[in-house]
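> here are the coordinates; sequence isn't available:
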Ligand SMILES: C[S@@+](CC[C@H](N)C(=O)[O-])C[C@H]1O[C@@H](n2cnc3c(N)ncnc32)[C@H](O)[C@@H]1O
């Protein structure tokens with residue numbers, strides 16, 4: 001079905017409410033009640049891809065056993081993936097000047113020490129690669145140390161883009177000094193694109209993870225970036241997530257959240273350090 005036909009589909013209130021509840025159930029995402037056009041546009045594409053004729057048919061299909069793979073694709077369609085390299089740059093300054101020096105000292109003095117940084121809700125990877133570039137700026141041979149960035153997202157399609165690490169040249173040009181640095185390499189046959197260089201990519205592992213389900217990590221995490229993710233969750237869901245972060249974070253470790261997010265009256269397991277930076281209370 002073409003885009004123009006699918007965009008003319010009618011979405012009734014009951015179908016919109018069904019889809020909103022579906023996003024909450026499967027991803028913890030709360031879609032605001034005024035977001036009808038966004039849901040209509042994104043879900044119409046899924047309906048078109050499957051060849052259904054109405055929202056009603058599609059919603060009915062979602063409730064069948066055969067819809068397993070479609071659930072994932074619908075959640076992918078409903079997530080908002082906006083991100084940037086060095087977004088909220090003060091977090092990367094803080095990481096470089098305040099957080100990494102003691103962690104690097106710990107690596108140097110204790111051969112069994114590992115450093116783990118988690119980009120939770122990493123979208124297309126720019127956040128995780130910005131962390132890796134920040135690490136390499138202060139520890140150029142980081143790949144020889146036990147230091148790793150785990151980058152996770154619920155959206156399987158955006159994760160595939162993230163692990164490829166290929167971005168439009170225009171986007172990379174916005175990062176100060178990026179083109180002159182060795183952080184990006186040309187992509188053969190694609191002059192408009194650049195790829196994140198291998199030493200940076202090697203520091204990052206991308207994994208599919210729904211933050212509301214079980215987490216595979218067993219060892220403590222030293223730093224969590226969970227920025228511009230909980231903005232889509234309700235307060236009880238945020239509280240549960242931040243308290244789980246507190247459980248998995250090492251003592252005195254750091255949590256970065258988005259500028260419009262806050263732990264005020266959500267979790268008392270962290271001390272606020274300003275600029276959406278929190279330190280875990282021991
Ligand atoms: C707006 S992006 C933020 C990207 C990056 N952290 C930043 O600040 O630039 C939000 C990301 O959170 C992801 N997300 C939403 N709900 C999630 C969930 N339940 N589990 C894991 N990731 C989720 C979305 O797929 C999306 O890629």
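All right, it came through fine. Owing to the predicted nature of the structure, the values given are computational and were not obtained by experimental measurement.
> C-alpha only now, for contacts and for neighbours.
Noted.
> and the nearest residue to residue 228 once chain neighbours are set aside, how many neighbours does it have?
Counting by Cα to Cα, 6 or more residues apart in numbering, residue 228 lies nearest to residue 258, which is 4.7 Å off, once chain neighbours are set aside. If you count neighbours by other Cα atoms under 10 Å, residue 258 ends up with 19.
> isn't residue 258 up against residue 224?
No - using Cα atoms under 8 Å, residue 258 makes no contact with residue 224, being 11.8 Å away.
> ok, now how distant is residue 137 from the ligand?
20 Å (Cα to the nearest ligand atom, to the nearest Å).
> quick one, what contacts residue 146?
Listed by Cα atoms under 8 Å, 6 or more residues apart in numbering, the contact set of residue 146 reads 107, 113-115.
> again with residue 24
So residue 24 contacts 30-31 (Cα under 8 Å, 6+ apart).
> got the confidence number for it?
Looking at residue 24, its pLDDT stands at 96.
> give me the phi and psi for it.
Taking degrees, to the nearest 10, you get phi -70, psi -40 for the backbone angles of residue 24.
> repeat that for residue 174.
Per degrees, to the nearest 10, the backbone of residue 174 is at phi -80, psi -10.
> number of residues surrounding it?
Residue 174: 12 neighbours (other Cα under 10 Å).
> got it, and the one 5 residues further on?
Using other Cα under 10 Å, residue 179 has 15 other residues around it.
> tally of neighbours for the spatially closest residue to residue 36 that is not a sequence neighbour?
Nearest non-adjacent residue to residue 36, counting by Cα to Cα, 6+ apart: residue 16, 7.1 Å away. When neighbours are defined as other Cα under 10 Å, residue 16 has 21 of them.
> low-confidence stretches in the stretch 101-250 of the chain?
By pLDDT under 70, the stretch 101-250 of the chain has no low-scoring segment.
> near the ligand, which residues of it?
121-123, 127, 153-155, 209-212, 226-229 (Cα under 6 Å from any ligand atom).
> in strands only, show me those residues.
In strands, defined here by DSSP state E, the members of those are 153, 226.
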